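In: Compute the structure for the input listed below.
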Amino acid sequence: PKRAGPSRAAGALYRKEEPRVERYFKRKNLALAALLLLGLLPIALGRVPELPSSGPAGALSPVMDVRLYLRHNHFAIFFSVITLFVGGVILCCGGYLGRTVRTYHRKWRQAGLLLGAFIFLSGVWVLTDSSVLDIFVATARSGRIVHLLSFLSFMLLPLLFLSFLRVMEFSVWGLRVFDALLMLNFACFVLLTLLPVPKGVYFFSLLAHHALIFVLMLMLGVRHARDFFCPQSKQRQCLARGVLLFMACSAAALVCFLFVSRQVYAAVYGVGFVLLIWYMIRILGYIILAAYQEIVTLDMYKELSCTDVLTGLKNRNAFIQAQQELKVNGRTCLVVADLNGLKQINDSLGHRQGDEAIRRAAQAVQQAFSGLGECYRIGGDEFAVLCQGADEPAVQRAIAALKQSYGQEHSLGPGEHRLACGYAFGGGGKTTPEALFDAADAMMYADKGGR
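Out: Alright, predicted model coming up:
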């Protein structure tokens, strides 16, 4: 069908671009994994640096008031638990997503993994950046480890976000530049953690990271501001709303940090993350839904291409494909049937009545061989039935029932209008589908001549 053309073209286009896309993500994932391992190396070596956000270890006593602890950290605890769980679930789903879609939709699996990692790391960042873990911090070293994990997760978040945008094919100028700059800044930070540098040096890396995120979000907000109310697509609207609402919450969080309290700042910032994550999930959902609908459409067209429109039986294309896949043995049977007198019906009563005769014959074949084999219309008035695991008495009974049923129901005027049938089982010299068909066809013509 003509409508299936764009899908095939899209598949061919992705397969052509696939090596480049795969190389990009492979290289970036390897680089991120290597940098993350290097970032965790100071923990293994026992030389965790003191970072700008590091505070006094053991700020909260292990015997503190539980109600006071929960009141100060209830939002961070709730946010961390939800995001860690949801992120883990999406990561698992993304791992299996590629098995349920076509080859040229393999990128949705990559998008699921990126989204799951982004959500999971946002939970890690809020957990380590808040005072939730202070109750478990007993030494200065353990406090530094918590802050190092906070820095690493915060550095990774925009890199995963950019990868998500690229795999979703959002064409925004400068994404590659920001991707490279953020990766470079992350690499510099990791290298600094391995060197004995003053605490203030890390501040410049943190400042550069915040500046890059701010400019990136501003650029995305300006680029997609129009899509907030008048979207070109649902995906672009979700991106616009997620980015702009995140920017609004970030600005409000900064005000709260300067003039209110750290707890309110964390809550407002968390709301921004929740909104951004929600719209990222919706983007992926719309894309997966579109891919699924395309798969269903392609399957429907494939089914139509193998179905005879007049009778509803499988057509000659399906029969040829079944023959190619058929393994002939002694329990394999092929039945062929031919409608006698169709030309007389067409000449005397018209082609509409001829079509009706073919439909009745197809219905009779379907009823007679129901549960015994697969029925096909292989020509104008020719039918075939492929049976696997059938015995000869059952086939003979079905043929007798077929002739009797069609003879009783058919009343389209004078003339000899009946079904001639022949069958053949595998074995002997009939070891191929072609030999099986020739033997059944010869028997059918003998039946037609014998009347």
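
In: What ranges does this protein have for its strands?
Out: With DSSP state E, the ranges of strands along the chain come out as 332-339, 374-377, 382-388, 419-425.

In: I82 contacts G123, correct?
Out: Yes. In terms of C-beta atoms under 8 Å, I82 counts as a neighbour of G123; the distance is 7.4 Å. In this view, the C-beta of every residue, glycine as well, is placed from N, C-alpha and C.

In: picking up where we left off before, turn the strands of the chain into CSV, including mean pLDDT, mean neighbour count and distance to D299.
Out: Shown next, in CSV, are these (pLDDT from 0 to 100; neighbours: other C-beta atoms under 10 Å; distance: least, C-beta to C-beta, whole Å):
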stretch, mean pLDDT, mean neighbour count, distance to D299
strand 332-339, 91, 26, 28
strand 374-377, 92, 23, 18
strand 382-388, 91, 22, 22
strand 419-425, 90, 22, 32
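
In: so which of the ones you listed gets nearest E434?
Out: Each of the strands of the chain has some distance to E434 by C-beta to C-beta; the shortest is strand 332-339, at 10.5 Å.

In: Would you give the sheet partners of that closest one, along with the direction of each?
Out: strand 382-388 (antiparallel), strand 419-425 (antiparallel) (DSSP bridges).

In: any chance of these in a markdown table, with distance to F257 too?
Out: Shown next, in a markdown table, are the strands paired with strand 332-339 (distance: least, C-beta to C-beta, whole Å):
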| stretch | distance to F257 |
| --- | --- |
| strand 382-388 | 73 |
| strand 419-425 | 84 |
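
In: Compare those and give me the one nearest V215.
Out: Judging the strands paired with strand 332-339 by C-beta to C-beta, what sits closest to V215 is strand 382-388, at 65.9 Å.

In: Export only the CA atoms of the closest one, formatted as CSV.
Out: Provided in CSV are the C-alpha atoms of strand 382-388 (Å, rounded to 0.1, in the frame of the first residue of the first chain):
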residue,chain,number,x,y,z
GLU,A,382,-9.3,-21.8,-6.9
PHE,A,383,-8.8,-22.6,-3.2
ALA,A,384,-6.2,-24.5,-1.2
VAL,A,385,-6.0,-25.8,2.3
LEU,A,386,-2.7,-26.6,4.0
CYS,A,387,-3.0,-29.2,6.8
GLN,A,388,-0.3,-30.2,9.2
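
In: ok, residues contacting it?
Out: For strand 382-388, the surrounding residues in contact (C-beta atoms under 8 Å, 6 or more residues apart in numbering) are 313, 319, 322, 326, 331-339, 361-362, 365, 369, 372-378, 395, 437.

In: One more pass at 6 Å, please.
Out: Here strand 382-388 makes contact (C-beta atoms under 6 Å, 6 or more residues apart in numbering) with 319, 322, 332-338, 365, 369, 372-378.

In: for stretch 157-176, same thing?
Out: With C-beta under 6 Å, 6+ apart as the criterion, stretch 157-176 contacts K107, Q110, A111, L114, A117, F118, L121, D179, L182, I213, R223.

In: What pLDDT is listed against the closest residue in space to the fourth one that isn't next to it in sequence?
Out: In this case it means L114. Using C-beta to C-beta, 6 or more residues apart in numbering and skipping the chain neighbours, the partner closest in space to L114 is F164 (4.5 Å). Looking at F164, its pLDDT stands at 87.

In: mind checking how far F164 is from G143?
Out: 32 Å (C-beta to C-beta, to the nearest Å).

In: repeat for E392
Out: Distance from E392 to G143, by C-beta to C-beta: 84 Å.

In: So for those two, which residue has more residues nearby?
Out: G143 (22 against 10; other C-beta atoms under 10 Å).

In: Tell me the pLDDT of that one.
Out: On pLDDT, G143 comes in at 82.

In: Could you measure from it over to S233?
Out: 46 Å.

In: G242 too?
Out: Between G242 and S233 the distance is 14 Å, computed by C-beta to C-beta.

In: With neighbour numbers in mind, choose between the two.
Out: Higher neighbour count among G242 and S233: G242, with 22 against 12, using other C-beta under 10 Å.

In: Quick check, the more buried one in contact with L276.
Out: Yes. G242 is within contact range of L276, at 4.6 Å (criterion: C-beta atoms under 6 Å).

In: Could you count how many residues lie near F228?
Out: 16.

In: Relative to V215, how far out is it?
Out: Distance from F228 to V215, by C-beta to C-beta: 20 Å.

In: swap in V274?
Out: In terms of C-beta to C-beta, V274 sits 23 Å off from V215.

In: The two - which one has more neighbours?
Out: Neighbours were tallied for V274 and for V215 using other C-beta under 10 Å; the higher tally belongs to V274 (17 against 13).

In: What confidence value was assigned to L60?
Out: pLDDT at L60 comes out at 43.

In: ok, now V86?
Out: The model's pLDDT for V86 equals 90.

In: what's the closest non-adjacent residue to it?
Out: Per C-beta to C-beta, 6+ apart, closest to V86 is I119, 5.5 Å.

In: Enumerate the positions of stretch 167-185 that are buried.
Out: V167, M168, F170, V172, L175, F178, D179, L181, L182, M183, N185 (16 or more other C-beta atoms under 10 Å).

In: In CSV, list those residues along with distance to S131 and pLDDT.
Out: Output for those, formatted as CSV (distance: C-beta to C-beta, whole Å; pLDDT from 0 to 100):
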residue, distance to S131, pLDDT
V167, 35, 80
M168, 35, 77
F170, 36, 74
V172, 36, 62
L175, 35, 82
F178, 31, 89
D179, 33, 89
L181, 31, 92
L182, 27, 92
M183, 31, 93
N185, 27, 93
